[in-house]
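A.B. asks: The following block contains a protein sequence and its predicted model.
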Amino acid sequence: MSEPLTIRCRENGPLVVKPPVRVVDHLGNEFPLPTGKELIALCRCGRSGTKPFCDGAHRQAGFQAAARATPPGE
Ligand code: FES
C-alpha cells in the first residue's frame, strides 16, 4: 500500500506537495507543473499571478496563516 499524499501548510505561505501529483482546474483540465522544482507550491493567499501555483507574492502581501494541527495525544 502506498503512503498517503502529504500536503504541507507552510507558515504564512503556500501549500506544498511533492510530486508525482496532478493539479487540475474545476473542469478537470490539467495544469502544466512548474519545471525544475522538487516541490509544488500551491497559492493559498490569493495574490499569486500564476494561480494555482505560488509565485512568492504572499510575502509582499503580508499573508498570515499559521494554523496548526493538534499533535496526536493532545
Ligand atoms: S501563497 Fe504564495 S503567492 Fe499565494
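C.D. replies: Perfect, I can see it now. Numbering: from 1, shown residues only.
A.B. asks: how far is the strand or helix carrying residue 59 from where the chain is centred?
C.D. replies: Residue 59 belongs to helix 57-61 when assigned by DSSP states H and E. Between the centre of helix 57-61 and the centre of its host chain there is 15 Å, according to Cα atoms, centre = their mean, to the nearest Å.
A.B. asks: try stretch 11-20
C.D. replies: Worked out by Cα atoms, centre = their mean, stretch 11-20 lies 3 Å from the chain centre.
A.B. asks: CA-only coordinates of it in PDB, if you can.
C.D. replies: Coordinates of each C-alpha in stretch 11-20 appear next as PDB, following Å, rounded to 0.1, in the frame of the first residue of the first chain:
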ATOM      1  CA  GLU A  11       3.700  29.000   7.900                       C
ATOM      2  CA  ASN A  12       2.400  32.200   6.300                       C
ATOM      3  CA  GLY A  13       2.900  30.700   2.900                       C
ATOM      4  CA  PRO A  14       1.700  28.200   0.300                       C
ATOM      5  CA  LEU A  15       0.500  24.600   0.500                       C
ATOM      6  CA  VAL A  16       3.400  22.400  -0.600                       C
ATOM      7  CA  VAL A  17       3.200  18.900  -2.100                       C
ATOM      8  CA  LYS A  18       5.900  16.600  -3.500                       C
ATOM      9  CA  PRO A  19       5.300  15.100  -7.000                       C
ATOM     10  CA  PRO A  20       4.100  12.900  -8.500                       C
END
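A.B. asks: List the buried residues of it.
C.D. replies: Within stretch 11-20, the residues that count as buried by 16 or more other Cβ atoms under 10 Å are 13-17. Every residue, glycine included, has its C-beta placed from N, CA and C.
A.B. asks: got the residues you listed as a markdown table, with secondary structure and distance to the ligand columns?
C.D. replies: Below are these laid out as a markdown table (DSSP: H, G, I helix; E, B strand; the rest coil; distance: Cβ to the nearest ligand atom, whole Å):
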| residue | secondary structure | distance to the ligand |
| --- | --- | --- |
| 13 | coil | 5 |
| 14 | coil | 4 |
| 15 | strand | 8 |
| 16 | strand | 10 |
| 17 | strand | 13 |
